[in-house]
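# Requesting a structural model of the entry that follows:
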Amino acid sequence: MDALISVIVPVYNVEKYILNCYASIAHQTYAKLDIILVDDGSTDSSGKLCDEIASKDRRVQVLHKKNEGLGYARNSGLELAKGKYVLFVDSDDYIELEMVQKLYERIEQYDADTSFCGYSMFHNESQLIKKISYYNDEIFEKGEIIDKVLLEMIAGLPNAQVDAIIPMSVWHALYSLDIIKKYNLSFPSERQYISEDIIFHISYLKYANRVSFIGSALYNYRLANPSSLTYKFNEGEFERQKILYQKINNDLSAFLPLSKYDLRTKRCFLGRVRSCIEKAFSYSKRNTDFDLRQYIKKIINDELVCQIIRDYPYSKNPIKIRMFNTCIRYKLYDGALILMAIRKMKKETRF
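Purely as a prediction, here's the structure:
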């Protein structure tokens, strides 16, 4: 007998997208769904649209709550979830019509408790960039789940060609609600930690027994327009990245030796340093009173950054990452700026 599957959709000010997101869930080839729309204090018509959806589809539950952020909205959905498995979908995204069925079939076929897939990125729905899952038609058990899934989700070893081969986000997988309930797992607030998804994965994957991967890109993730990166910049983000780095290390240390994760968490942190500088670079192009050079100096001279780059074997990194880490190590501010300019130009020509 097919299992009931809960789909949790946090909703906040997405009146332009929520109907499309819901339609992609409602018309799944796998119909035995428990659909939970969590209106996280929307100030537009999103909450009303959720109620209208529920009035026409008996599978839909709507919860209206005060605004507390994505992580807590997912937790509220988990409290209502009745399925054996759970899927998280962000309300400005949409999923392929066979996503639930394909992930569930993998769980059934291999007696797994978790199933991951690939995804696509888009600015508009006619222009998708597919990201086929790095692992295709593969199964991992017990310790392999930590080594080949969780740690690779955090970051690769120094010589890996990309920072991470598996996205940290929870929206490309079907999870066991039994595991979540048994161990009382939940999401932290993204207002406390800048990436609540990886913290959830650390707590979840250490209890997973068998994880399956399929290559197919079944989730569609909406990207911000490259020209609007300014709205994402926040001068306080770097400090929050430092807090996240310490949190990830603390959580991993509870069940792994330092030698297992040290190089990976350092690479993850250095990648997020690059991201902070990249966002600041984009912001500075539209806000000429922002002192970009001073901001970069602040980061490169930070005590934690200096400590990590001093200990980390960045000479083993791929050349582009190695060049940037060299700029950090030797405080080459102008070099970092030039590399950011090149990186931004390449990104903007992708679409």
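# tell me the contacts of residue 238?
273, 276, 298-299, 302 (CB atoms under 8 Å, 6 or more residues apart in numbering). C-beta: built from backbone N, CA, C; applies to glycine.
# Go again with 6 Å.
By CB atoms under 6 Å, 6 or more residues apart in numbering, residue 238 lies in contact with 276, 299.
# any idea how far it is from residue 72?
Using CB to CB, to the nearest Å, we find residue 238 at a distance of 24 Å from residue 72.
# Does the helix or strand residue 307 falls within pack against any helices or strands, and if so which?
In this structure, residue 307 sits in helix 303-311 according to DSSP states H and E. Packing partners of helix 303-311 (3 or more CB pairs under 6 Å, 6 or more residues apart in numbering; DSSP states H and E): none among the helices and strands.
# Which neighbouring elements make contact with the helix ranked longest in the chain?
Ranked by residue count under DSSP state H, the longest helix found in the chain is helix 258-286. Using 3+ CB pairs under 6 Å, 6+ apart, the elements in contact with helix 258-286 are helix 151-154, helix 237-253, helix 292-300.
# okay if I get the ones you listed as a markdown table plus distance to residue 322 and mean pLDDT?
Below are the helices and strands packed on helix 258-286 laid out as a markdown table (distance: least, CB to CB, whole Å; pLDDT from 0 to 100):
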| stretch | distance to residue 322 | mean pLDDT |
| --- | --- | --- |
| helix 151-154 | 20 | 98 |
| helix 237-253 | 20 | 97 |
| helix 292-300 | 16 | 94 |
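# most tightly surrounded among these?
Ranked by mean neighbour count, these are led by helix 151-154 with a mean of 20 (mean count of other CB atoms under 10 Å).
# Can I get that one in PDB? Just the C-alpha atoms.
This file holds the C-alpha atoms of helix 151-154, laid out as PDB (Å, rounded to 0.1, in the frame of the first residue of the first chain):
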ATOM      1  CA  LEU A 151      30.600  15.600   4.600                       C
ATOM      2  CA  GLU A 152      30.400  16.100   0.800                       C
ATOM      3  CA  MET A 153      27.400  18.300   1.500                       C
ATOM      4  CA  ILE A 154      29.500  20.500   3.700                       C
END
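# Now do the phi/psi pair for residue 216.
Phi and psi for residue 216, reported as degrees, to the nearest 10, are phi -50, psi 140.
# And the pLDDT at it?
Model confidence at residue 216, given as pLDDT, is 96.
# number of nearby residues for it?
19 (other CB atoms under 10 Å).
# ditto for residue 94
22.
# wait, what's in contact with it?
20-21, 24, 220.
# before we move on, the earlier item: can I get the helices and strands packed on helix 258-286 in CSV with distance to residue 164?
What follows is the helices and strands packed on helix 258-286, written out as CSV (distance: least, CB to CB, whole Å):
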stretch, distance to residue 164
helix 151-154, 6
helix 237-253, 12
helix 292-300, 21
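# follow-up on the earlier one: render the CA-only coordinates of the helix holding residue 307 in CSV, please.
C-alpha atoms of helix 303-311 as CSV (Å, rounded to 0.1, in the frame of the first residue of the first chain):
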residue,chain,number,x,y,z
GLU,A,303,41.3,36.8,13.4
LEU,A,304,39.3,33.6,12.5
VAL,A,305,39.9,34.1,8.7
CYS,A,306,43.7,34.6,9.4
GLN,A,307,43.8,31.5,11.6
ILE,A,308,42.0,29.3,9.1
ILE,A,309,43.9,30.4,6.0
ARG,A,310,47.1,30.0,7.8
ASP,A,311,46.3,26.3,8.7
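# I'd guess residue 235 is in a helix, am I close?
No. According to DSSP: H, G, I helix; E, B strand; the rest coil, the state of residue 235 is coil, so it is not within a helix.
# how about low-confidence regions in this structure?
1, 225-231, 346-351 (pLDDT under 70).
# Phi, psi for the closest residue to residue 122 other than its chain neighbours please.
Once flanking residues are discounted, residue 122 sits nearest to residue 128: 4.8 Å by CB to CB, 6 or more residues apart in numbering. Backbone torsions for residue 128, taken as degrees, to the nearest 10, come to phi -100, psi 140.
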